[in-house]
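Visitor: how would this look folded up:
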Amino acid sequence: MKILVVTEKSIPTENQRDGGFRLVDTLKCVFGNSLSIMQFGLEFFLDSSAKWQYIYPYRIQNRFERRIANAEFIAKQVKQVEHEFTHIIFIHISMQFGLDTYPLDNKVQIWTFPMFLTPSYLASAEIIPEDYLKRERIALAMSKNILTPSHMEKRQLIEYYGIPENRIHVVPRGVKTELLFPKIRCLNGPPIFCSIGSIKPQKNTLGLIQLFKKIQK
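Guide: The predicted structure is shown next:
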């Protein structure tokens with residue numbers, strides 16, 4: 001088995017080490033030398049573990065428009081090396097947007113981690129180009145193996161995109177238990193909630209705070 005991971009998340013900056021980065025890091029640990037990385041971005045990340053690194057030709061600030069503009073560029077690079085691999089894993093559905101124009105060999109198994117989809121972006125008050133949703137639908141319709149850690153995302157895939165349930169597999173990311181030191185503690189006052197993660201509109205951190213406020217009342 002030879003695996004190619006196509007991603008922007010191989011070695012991001014400190015403030016971008018989110019779930020996508022953790023996923024890539026986990027895949028590297030699990031598959032070792034069987035796995036190669038093709039990384040795309042706005043600049044070189046100097047990641048020695050990425051066999052291929054590409055700077056996007058279209059350096060558009062809006063990330064949704066940038067994903068659309070660079071779709072065929074990504075597909076062309078993947079197409080050039082597909083014969084070297086049995087499985088190709090795409091981290092984020094947008095990395096597959098160009099496959100309708102440059103389809104991969106049917107002998108290669110494609111695995112998709114959607115990561116974040118339009119319904120969640122819209123719920124976070126993001127403005128999504130109409131063409132973006134159209135490309136999501138095409139890419140997801142072509143995906144035979146979809147992996148997600150989220151049962152909510154699974155419902156989105158079924159109800160919003162009409163993806164057959166048998167194509168979707170929910171695999172929780174889990175935690176590194178060796179980093180946890182559980183203790184029984186007594187509260188000296190009201191509970192304090194803490195959210196650890198990247199701060200982005202799509203995470204809806206303000207909504208989380210408002211939810212905790214309602215729970216407290």
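
Visitor: Just list what the helix-or-strand element of the chain with minimal mean pLDDT packs against, helices and strands only.
Guide: Among the helices and strands of the chain, helix 19-31 carries the lowest confidence by mean pLDDT, DSSP states H and E, at a mean of 75. Using 3 or more C-beta pairs under 8 Å, 6 or more residues apart in numbering; DSSP states H and E, the elements in contact with helix 19-31 are strand 3-7, strand 35-41, strand 87-91. (Each C-beta comes from the backbone N, C-alpha and C, glycine too.)

Visitor: ok, 7 Å please
Guide: strand 3-7, strand 87-91 (3 or more C-beta pairs under 7 Å, 6 or more residues apart in numbering; DSSP states H and E).

Visitor: And the helices in this protein, which stretches?
Guide: For the chain, the helices defined by DSSP state H occupy 19-31, 63-69, 71-81, 118-123, 130-142, 151-159, 205-216.

Visitor: Using PDB, write out every CA atom in the least confident helix or strand of the chain.
Guide: Taking C-alpha atoms only, helix 19-31 is exported to PDB below (Å, rounded to 0.1, in the frame of the first residue of the first chain):
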ATOM      1  CA  GLY A  19      -7.700  19.700  13.600                       C
ATOM      2  CA  GLY A  20      -6.500  19.400  10.000                       C
ATOM      3  CA  PHE A  21      -2.900  19.600  11.200                       C
ATOM      4  CA  ARG A  22      -3.500  17.000  13.900                       C
ATOM      5  CA  LEU A  23      -5.000  14.700  11.300                       C
ATOM      6  CA  VAL A  24      -2.000  14.900   9.000                       C
ATOM      7  CA  ASP A  25       0.300  14.400  11.900                       C
ATOM      8  CA  THR A  26      -1.600  11.300  13.000                       C
ATOM      9  CA  LEU A  27      -1.500   9.800   9.400                       C
ATOM     10  CA  LYS A  28       2.200  10.300   9.300                       C
ATOM     11  CA  CYS A  29       2.700   8.500  12.600                       C
ATOM     12  CA  VAL A  30       0.400   5.600  11.600                       C
ATOM     13  CA  PHE A  31       1.600   4.900   8.000                       C
END
